[in-house]
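Student: Below is the structure, and that's it, no one-letter string:
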């Protein structure tokens, strides 16, 4: 199913495409003037150089989802007071706005303050936990021996209970992580895809912030095994 973002781009008129191309040119000039091009990752550079109307479907999807990674980084820099719930996406609009594109970056850099390392690490561990829960959901829906299903469900109950006791998640639903007001195991496919993607993007950003890799494109996001 196409995202709203993708639908808008694919239905754009020639005039809109021309505007997108001009914005792309201005963006790259701004990045060059501010010395930011050198900080782009290998995978980011070719995408940023493209006009919006020429992005592939995959590039559109990946760019849209990067808003969640950016949201976490803005939280770590103190721009956002709190992280959004783990079943709520950051939108491109709300994450781009604080960057004040095309303005000198000095003002932005003067405003941000990196949160304490312990606070960022705690968020990283929570992102890893939500990512782990996303990976657990698949085995629970597959053909497994009954004792295996029971063992995995017990691990989920234990993890949810511990996270709730620590104040990391709302009260569990049916012994499971609460998402959209119901148990994680009861998510519909579209709901699961969204929540899993949120966890993956945030896990990626937080692992990068915690120094798991200096290369944004190569940040490891492994989770504990079942």
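Tutor: Perfect, I can see it now. The shown structure was predicted, so the numbers you read here are calculated from the model rather than taken from an experiment.
Student: shaky segments in the protein?
Tutor: Along the chain, segments meeting pLDDT under 70 span 1-21, 52-53, 138-149, 226.
Student: redo that, cut-off 90
Tutor: Residue ranges of the chain with pLDDT under 90: 1-29, 31, 37-38, 43-65, 91-93, 101, 136-154, 224-226.
Student: Would you map out the domains in it?
Tutor: The chain resolves into domains spanning 1-55, 117-218 when parsed by automatic domain parsing.
Student: Please identify which of these is closest to residue 84.
Tutor: Among those, the nearest to residue 84 by C-beta to C-beta is domain 117-218 (8.5 Å). The C-beta positions use only the backbone N, C-alpha and C, and glycine is treated the same way.
Student: Relative to the whole chain's centre, how far out is that closest one?
Tutor: Taking C-alpha atoms, centre = their mean, to the nearest Å, one finds domain 117-218 lying 13 Å from the centre of the chain it belongs to.
Student: That one: end-to-end distance?
Tutor: Chord length of domain 117-218, first to last residue, is 21 Å (C-alpha to C-alpha, to the nearest Å).
Student: picking that back up, and the domains of the chain, which is most packed in?
Tutor: domain 117-218 (a mean of 16; mean count of other C-beta atoms under 10 Å).
Student: returning to what we had before: so which of the domains of the chain gets nearest residue 76?
Tutor: Per C-beta to C-beta, nearest to residue 76 of these: domain 117-218, 5.4 Å.
Student: which residues sit against the lengthiest helix in the chain?
Tutor: What stands out as the longest helix in the chain, according to DSSP state H, is helix 117-141. For helix 117-141, contacts defined as C-beta atoms under 8 Å, 6 or more residues apart in numbering pick out 72, 75-76, 83, 86, 114, 148-149, 152-153, 155-156, 159, 163, 168, 177, 184-185, 187, 192, 195-196, 198-200, 202-203, 206-207, 209-210, 221, 223-224, 226.
Student: Which parts of this protein are strands?
Tutor: Here the chain has its strands, by DSSP state E, at 178-179, 182-183.
Student: Can you redo those strands as CSV, where the extra columns are distance to residue 59?
Tutor: Output for the strands of the chain, formatted as CSV (distance: least, C-beta to C-beta, whole Å):
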stretch, distance to residue 59
strand 178-179, 28
strand 182-183, 33
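Student: tell me the phi and psi of residue 85?
Tutor: phi -50, psi 160 (degrees, to the nearest 10).
Student: In contact with it: list those residues for me.
Tutor: Per C-beta under 8 Å, 6+ apart, neighbours of residue 85: none.
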